[in-house]
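Colleague: Prediction below, plus the sequence it came from.
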Amino acid sequence: MRTPERLGFDTAPKAQPTGSADLAENASPLAGSALCVIGGGFVGLVSAAGFADFGHSVICVENNPSRLEKLKSGKIPFYERDLDELIARNVKRDRLSFCAELKLSIKGAKAIFITVGTPSGKDGRTDLSALDKVIQSLADNLEPNQVVVIKSTAPVGTARKVKEKIALLRNSSDAISVISNPEFLREGTAVYDFFHPQRIVIGGDNQEATELISNIHRLGMKQNTPIVVTNNETAEMIKYASNVFLATKIGFVNELAELCDKIGVNALEVARGMGLDPRIGSDFLDPGPGWGGSCLPKDLSEYIGLAHAHDASVTIARAVREANLLQRNYVVSKARDILGDLENKRIGALGLTFKAETSDLRNSPAIDIIRGLQREGATILAHDPVANGDASQLLENVELCDSAEGVAKDADLLIILTEWKQFQLLDWKKIGDIMKSRYVLDTRNLISPEFLRGNGFTYVGTGVS
Ligand code: UGA
């Protein structure tokens, strides 16, 4: 077990972290701190291992015994690129360890980062029960100068309520600082994102505490990384506004793609032409089957719920949610247009996760689209490079194949639903030879239309015909 004093971690670390952003050029005068990260999920593990790589001494608390066992034996419970290596490296350096005991793990930590799940509740608002549980166990055991940091995405006002609750539960007059420090990690590139953030957002009302959290980040970041220090509510809202805006941007480009499909204009070229204007920006302008995952849907839902509770109309956010559901139907209608009728058609689905480089199937458009195709009488075979196992729990009457070739055999249509790079590298000539008819519906615009057409395929993309 870590004791920070024993590891000497309130002095500058001796070993140079290797994963951090260009540290050689940015040798930091700051010192590593003892930290505790509560929650061994996606955000918790990336943050714990990332902070450890900066030079901090981190204990990650995970109370699920089987998950903890996995972590202790060096296994990651989900797929996230480069995370296994980052964890292994820092465990080996004795900077990162895993523990079930919250009380023991927070001992001596300067900051305690809470990263537990905050899913949507039945009413569409955020379910804060996991966070509440942590606060209950934490409050009485906190040391006077420890800073509690909420990294979980939590509704506006949560940090203030947590601070009040801690004060109520503690038999002490010390006021514990509570910081809102939302994360902006994308699944699939989370390790890269951790080391190359666009900005760090720190909300709080105590300067010493906000400076501590800034310094914890600064230790491993490029020194010119923008750090936005603000109050708790603003920090909380920055997180929601960012995700709602990203969903809006994708919603816009999907709508544009449908219009382009109908009038024969190339939406990718339009998006490129638009995106070169820095006021618009070229990121998040890729049309596709609609956005999914665990974050955009739940954050949009909380944002709309918050607006409803305060009588604000948020017409745009509501339309974005509606349009995203319709996008799935639009994909099904395109399959119907290609094949005339889906009854008894054999359709091969390539990709099931909500985007590439993740094993996450939550709110994946692929799942809804497959169900929509099945409703119209199609027989579905599917393949995902990492998520076949989990998909078998979600999909009924779908044959899950180990390879793209298995999916393509005798298929009337292949539909690309996730932008896995592997699909670009397939032997498309061979795929064409084993299909019944050479139709490809590429919802992600992954493969070159010219290339496929050159190999005898009929190609339909999204906003690209
Ligand atoms: C999103 C945000 O991008 C992160 O900044 C944030 O930290 C995270 O939510 C969170 O709140 O934890 P993530 O859910 O991992 O990250 O996925 P994104 O990369 O945002 O993609 C979301 C969906 O939009 C995916 O289904 C993706 O395929 C789709 N997408 C994205 C498009 O259809 N087109 C695009 O141009 C970009």
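Modeller: On my side now, so go ahead. Numbers count the residues shown, from 1 in each chain.
Colleague: all contacts plus neighbour counts: C-alpha atoms, from now on.
Modeller: Fine.
Colleague: and Ser333, backbone torsions?
Modeller: phi -70, psi -30 (degrees, to the nearest 10).
Colleague: neighbours around it, how many?
Modeller: 17 (other CA atoms under 10 Å).
Colleague: what's the answer for the one 4 residues further on, then?
Modeller: Summarising burial for Asp337: neighbours were counted as other CA under 10 Å, giving 11.
Colleague: Sticking with it, tell me its helix or strand.
Modeller: helix 315-339 (DSSP states H and E).
Colleague: next SSE after that helix?
Modeller: Next element after helix 315-339 (DSSP H and E): strand 346-350.
Colleague: So the very next helix or strand once past that following strand, near the ligand or not?
Modeller: Counting by DSSP H and E, the element after strand 346-350 in chain order, helix or strand, is helix 365-375. No - judged by CA under 6 Å from any ligand atom, helix 365-375 and the ligand are separated, with a smallest distance of 7.3 Å.
Colleague: Check for me that Gly406 belongs to a strand.
Modeller: No - counting by DSSP: H, G, I helix; E, B strand; the rest coil, Gly406 is not part of a strand but helix.
Colleague: buried residues in the helix holding Asp337?
Modeller: For helix 315-339, a neighbour-count test (16 or more other CA atoms under 10 Å) marks 317, 320-321, 323-325, 327-336, 338 as buried.
Colleague: ok, and of those residues, which contact the ligand?
Modeller: Within the buried residues of helix 315-339, nothing lies near the ligand by CA under 6 Å from any ligand atom.
Colleague: For the nearest residue to Ile227 once chain neighbours are set aside, give me the pLDDT.
Modeller: Of all residues not flanking Ile227 in the chain, Ile200 sits nearest, at 4.7 Å (CA to CA, 6 or more residues apart in numbering). pLDDT for Ile200: 98.
Colleague: and if you look at Ser20?
Modeller: With respect to pLDDT, Ser20 scores 43.
Colleague: Ala15 too?
Modeller: Reading off the model, Ala15 has pLDDT 35.
Colleague: so Val147 makes contact with Ala209?
Modeller: Yes - counting by CA atoms under 8 Å, Val147 touches Ala209, with 6.5 Å between them.
Colleague: so after the helix or strand of the chain with the lowest mean pLDDT, what's the next helix or strand?
Modeller: Within the chain, no helix or strand scores below helix 4-7, which has a mean of 32 by mean pLDDT, DSSP states H and E. Using DSSP H and E, the helix or strand that follows helix 4-7 in sequence is strand 34-38.
Colleague: That next one - contacts with which helices or strands?
Modeller: Judged by 3 or more CA pairs under 8 Å, 6 or more residues apart in numbering; DSSP states H and E, the packing partners of strand 34-38 are helix 42-54, strand 57-61, helix 102-106, strand 111-114.
Colleague: Tell me which strands that strand pairs with, and in which orientation.
Modeller: Applying DSSP bridges to the sheet, strand 34-38 is found paired with strand 57-61 (parallel), strand 111-114 (parallel).
Colleague: Highest mean neighbour count out of those strands?
Modeller: Mean neighbours per residue, mean count of other CA atoms under 10 Å, is largest over the strands paired with strand 34-38 for strand 57-61, with a mean of 30.
Colleague: Can you give me the end-to-end span of stretch 367-386?
Modeller: Start-to-end span of stretch 367-386 (CA to CA, to the nearest Å) is 15 Å.
Colleague: burial count for the residue in the stretch 201-350 of the chain that the ligand sits nearest to?
Modeller: The minimum distance from the stretch 201-350 of the chain to the ligand, using CA to the nearest ligand atom, falls at Phe284 (3.1 Å). Neighbour count for Phe284, taken as other CA under 10 Å: 16.
Colleague: Leu426 and the ligand: what is the separation?
Modeller: Noted for Leu426: a distance of 21 Å to the ligand, by CA to the nearest ligand atom, to the nearest Å.
Colleague: Check which helix or strand that residue maps to.
Modeller: For Leu426, there is no enclosing helix or strand under DSSP H and E.
Colleague: where's the residue lying closest to Asp127 once chain neighbours are set aside relative to the ligand, distance?
Modeller: Of all residues not flanking Asp127 in the chain, Gly121 sits nearest, at 4.8 Å (CA to CA, 6+ apart). Look at Gly121 and the ligand: by CA to the nearest ligand atom, they are 16 Å apart.
Colleague: Could you measure from Gly121 over to Ala100?
Modeller: For Gly121, the distance to Ala100 - CA to CA - is 26 Å.
Colleague: between the two, who's got more neighbours?
Modeller: Between Gly121 and Ala100, counted using other CA under 10 Å, the more crowded position is Ala100 (18 against 14).
Colleague: got the buried residues for stretch 130-143?
Modeller: Leu131, Ile135, Leu138, Ala139, Asp140, Leu142, Glu143.
Colleague: ok, back up a step: would you tell me which of the strands paired with strand 34-38 gets closest to the ligand?
Modeller: Nearest to the ligand among those is strand 111-114; the distance by CA to the nearest ligand atom comes to 13.9 Å.
Colleague: show me where the stretch 51-200 of the chain has helices.
Modeller: Counting by DSSP state H, counting those that start in this stretch, one finds helices in the stretch 51-200 of the chain at the ranges 65-72, 83-92, 102-106, 129-139, 158-169, 190-195.
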